[in-house]
Structures are given as C-alpha cells and as structure tokens.
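Enquirer: What shape does this take:
(2 chains)
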Number of protein chains: 2
Amino acid sequence: MMAPHDDKSEVAEESMASQAPNRPISTIVFIIAMQTEALPIVNKFQLSEDPNSLFPKGVPWVRFHGTYKDLNINVISPGKDTVLGVDSVGTISASLVTYASIQALQPDLIINAGTAGGFKAKGACVGDVFLASELAFHDRRIPIPVFDLYGVGLRQASSTPNLLKDLNLKGGKLSTGDSLDMSPQDEASIIANDATLKDMEGAAVAYVADLLKVPAIFIKAVTDIVDGEKPTTEEFLQNLAAVTNALDVTVTQVVDYINGKCLSEL
Amino acid sequence: MMAPHDDKSEVAEESMASQAPNRPISTIVFIIAMQTEALPIVNKFQLSEDPNSLFPKGVPWVRFHGTYKDLNINVISPGKDTVLGVDSVGTISASLVTYASIQALQPDLIINAGTAGGFKAKGACVGDVFLASELAFHDRRIPIPVFDLYGVGLRQASSTPNLLKDLNLKGGKLSTGDSLDMSPQDEASIIANDATLKDMEGAAVAYVADLLKVPAIFIKAVTDIVDGEKPTTEEFLQNLAAVTNALDVTVTQVVDYINGKCLSEL
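Expert: Numbering: from 1, shown residues only, chains lettered A, B, ... in the order given. I've put the predicted structure just below:
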C-alpha cells in the first residue's frame, strides 16, 4: 500500500537492516517501563541522561545512554505520567516510545527488559529471569474471523538459541495485557497463548519492532506468581526491588554476551 | 523532566499551539480506524491518497488529503495489518498513527471519527451520532493507588459547546478498550466511567493528543446497542455500512461548521 520513494534516511534504514545479521551489533535500545526497573541498569553501565531529548517537547519519555565496550547503549523509558506522576506503564506508552526510539536511533536490537508475573504451573518461580520466545496479547478479544488473530497479535522474538543456552536462561511464552490483575477472560486467553509469563508491555514492543523490522528480544524477571496464593499487587510491590537486581545481573550478562557478536551469532 | 532547548520546529510548534485559539482552524487530521469508516469521508471531500507517505517505510498507515473550503483536510488510517490484511483497529495502532500524524502535520485539530457501541440505558440508539465529552479506558485495571487512575486515563475532549448545540448533536462519555466484546470486568469499568459509548480507539487518541497538546474532538456513530438483545458482532457487521453513512453526513456538517472558525468559537 506504500509507494516507494527515495528518502535517504529510508535507504539508510533499509541498508542497515539488511546488513544487521552480518556485522556486530552496535546500537542497542532497552525499552524499560518502570524507573525502578531501569535505574540499576542505568547505573551498571554508567549511562547519562540525554540533556537534549530526542523526543517531542512535553512528553515524559526519558533516554539514558552511553558507551559500554563496543556498544552504544540506550535505556529508554516512557517516564512519569505528566499528570499523575506514576510510571507510564502499559502497551500504549511502550508502543509510542518504541516507535519514537526506533525512528530516532535506528537500533540494531531492541531489548525489552522488565518484570513480569509468572505461572508456577509452567515452571516459573519468583526471581527467575526468562528470555521470552513468543509474545501475544490476552485482552484484545475481537470475535470476528481474522480480526480474532489480529487481536491476539502473536509474534516471535528474534531467535537467539546460543544466548539462551550459553547463559542458561529459562525460555517461555509471554502474554501481555494492560491490567495488573487477571480477569477470567484474561486467564482463558493466557492459557490459550500457552504463556509462562504475564506482563503489560512485551507484545506491544514486539508489534512495533516487527512493524519497523527491528530485531527484538525480551528479558523478563518474575516478581509474582500469578497462579499462587498471594495477591498479585502485594507480591509485586514486595518483590519489585529484589527482582530488579536479578534482572540487572542477567541484563549485564546478556550485554557482555552480545558485545562483538552479530545477530546471527546470538 | 525534559531540559529546555532551542530546536526551531519546537518553537514553531509551541507558537502554533498558543496561537491556535485566536486564528481560524486550518489543518485538520481525522484519525479513522477502519477503511469502511474512512472511505465515505475521503470521497465526500475528494481527498487523494498521498503517494509519498509521511510515514516510515513498511508501516501500513494511509493518508488521504486535500483542500476543502479554507481547510487542509487529512484522513489518516492505521491501514490493513501487514500480515493479516484486516484493519489495524484498537488502541496501539490508533496511538501510533495519532503520534506520527501530529509529528508530521502539526494539525490545529484532531478529529477521531468512527463507529461505537451505544448503551440504550444511557439514551443511545443505532444510527445516533455523538460528540464525546470525556474519554476513559475500561480494560486497564491497575489496583495500586494512583496507578488505578493512570489506567482509567480519563481525559476531556476539547470543549465545543457551540458545535454541539448548533448541529444538535448528542453528547455523552466514551469508554475505550481493545475488545469488541464486553467482559463483566469491562462492564463494571464502563459503568464506573459513566459511559454512553464504547469504542476501541477514542481514549488512546485522546491520550496522545493530550500528550502533544493538540486539541481533539470525537465523533462516534452507534452501530450496535451493547445492552440490547442482539450479539454485538452480528449487529456491528450488519449496521456498519449504513451507520458510516450517518457518520459521513455529520462529519460533513462538522467540517462545514469548523470552516473559518477558531477553536474558541466551536
């Protein structure tokens, strides 16, 4: 539906995308929804906040960036809601910052890192860090043929079998929705998605990365057991700080592993 | 959280926004989710498809534009899903095209036009066309203080009391979610939102328009009665074509009304 044209930035983008598998990864964009999740990673890589925002005036989106080994690392968060002051969690903010970050930075790889609920019936424990293999939505029910599949929005993460094996990470499917709780309808869809993990951003980041043809991986640390006895909210808030430390350790291992490698080597 | 700087386009944007109430509206962006909803409006104003897309390569987003009276009219749709071929309905696509359209066109006014479900208990009938006064989400439940309000995401449409009165439009609140059906949890939130209308994009368009400080109004035609006896999907598909004609008539009246007026006169 789109006419071809010769805009130079698009040629650059295309050539970058087609070369990506054959040269070492250079620019990484982390999309991280919450400040509590982002700060340990910002500190670990000694990133600094961008004083001249890449983003339009008035948006609360935040970029930290710096160089680590051979990598240009960006940690981008949707920031605090301008009215309410809480982290701008959920699929809409995640989609917008992913889109704007790709437009501004043309990264070789998107890494969506954050916390998630886990299902013990699928082998998840609090503190586990997963690399999600597939992503889908569980709160977009459109019972019309084909629209139903659009709603589910199943997408694959970039295939990184060596990363999974060499770092001994757990693999599993991730289901995304805009609620922290889980309604019976959400639960039915999560089961249909065969998900081990439940979060509020992953499938949205996957949608935008796929739309713009940027490889993406998803690192999710389990803060709470959804099919356990404790209420999600309580368990989430209780474990958030400790689990972000586990996330931070794995993210560092992943970045060290990626350094010097091509996408096809991951 | 954003450092001030002197980028010229931002100065232009700021000056445009601050002048907007005092000069006639010039550039309008319609955000319309479905092709069936968009085409009658495209034809009515004899708009033509943009051969050099404003948008990044690979996205299915479509822009039709042209001049009508003193207005520069753009009809922008998220287009057909690149994999599945169905209209890219819902909040994520609507957010992305609203964001990208504002960045590219700096419109004076966003008009989100489309179909919606209506509640007969709140006075809605099939074929009614409403101007939504308030917008909120009904499928973003985050039961943590303040995050709960973020999830609901209540926003006001731009105040247009003269438009409402002079065109004899119905007013009502609109509740948005990514499902065409309605779960019991959705219903409870829709009641809490005091909504007359239920759609899949409105509150997302309102969120982005508010983030970037662009005035926005919401014209919604009722395709199906949510609290009636017929199943939503069946009624929606049955009435879609006829109701888009009613939508088209009202949209034309609204555009004729807006022509030559400032935002503060609406």
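
Enquirer: mind listing what residue A:113 touches?
Expert: Residues counted as contacts of residue A:113 (Cβ atoms under 8 Å, 6 or more residues apart in numbering or on different chains) are A:30, A:31, A:32, A:37, A:41, A:218, A:219, A:220, A:247, A:251. The way it works is simple: take the backbone N, C-alpha and C, and place the C-beta from them, glycine included.

Enquirer: Just the pLDDT at the third one, thanks.
Expert: Okay, so that is residue A:32. Note on residue A:32: pLDDT of 97.

Enquirer: Counting neighbours, what do you get for it?
Expert: Residue crowding around residue A:32 was assessed by other Cβ atoms under 10 Å in any protein chain shown; the count is 30.

Enquirer: likewise the fourth one?
Expert: Taking other Cβ under 10 Å as the neighbour definition, residue A:37 ends up with a count of 25.

Enquirer: Within the helices and strands, which one has residue A:110?
Expert: For residue A:110, the host element (DSSP states H and E) is strand A:109-118.

Enquirer: on contacts alone, who are the packing partners of the helix or strand following that strand?
Expert: Per DSSP H and E, strand A:109-118 leads on to strand A:129-137 as the next helix or strand towards the C-terminus. For strand A:129-137, the elements it packs on are helix A:147-152, strand A:155-156, strand A:170-176, helix A:202-211, strand A:216-225, helix A:232-258, judged by 3 or more Cβ pairs under 8 Å, 6 or more residues apart in numbering or on different chains; DSSP states H and E.

Enquirer: The ones you listed: which one's closest to residue B:256?
Expert: helix A:147-152 (33.9 Å; Cβ to Cβ).

Enquirer: Please enumerate residues in contact with the closest one?
Expert: Counting contacts by Cβ under 8 Å, 6+ apart, the residues outside helix A:147-152 that touch it are A:136-137, A:140-142, A:189, A:192-193, B:81, B:84, B:86, B:88-90, B:178-180.

Enquirer: again, only using 6 Å
Expert: A:136, A:140, A:142, B:81, B:84, B:86 (Cβ atoms under 6 Å, 6 or more residues apart in numbering or on different chains).

Enquirer: Which PyMOL command selects the buried ones in those?
Expert: The PyMOL selection below is limited to those of the contacts of helix A:147-152 classed as buried (16 or more other Cβ atoms under 10 Å in any protein chain shown):
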select buried, (chain A and resi 136+140+142) or (chain B and resi 81+86)
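
Enquirer: I'd like to know which of the contacts of helix A:147-152 are part of helices.
Expert: Counting by DSSP state H, none of the members of these fall within helices.

Enquirer: Distance check, residue A:120 against residue A:203.
Expert: Noted for residue A:120: a distance of 22 Å to residue A:203, by Cβ to Cβ, to the nearest Å.

Enquirer: same check, this time on residue A:92
Expert: Distance of residue A:92 to residue A:203, given as Cβ to Cβ: 12 Å.

Enquirer: What of residue A:152?
Expert: In terms of Cβ to Cβ, residue A:152 sits 9 Å off from residue A:203.

Enquirer: list the residues that contact both of these two?
Expert: The contact lists of residue A:152 and residue A:203 share residue A:136, where a contact means Cβ under 6 Å, 6+ apart.

Enquirer: Between the two, which has more neighbouring residues?
Expert: The neighbour comparison of residue A:152 against residue A:203 (other Cβ under 10 Å) goes to residue A:203, with 30 against 19.

Enquirer: OK, contacts around that one?
Expert: A:135, A:136, A:137, A:153, A:176.
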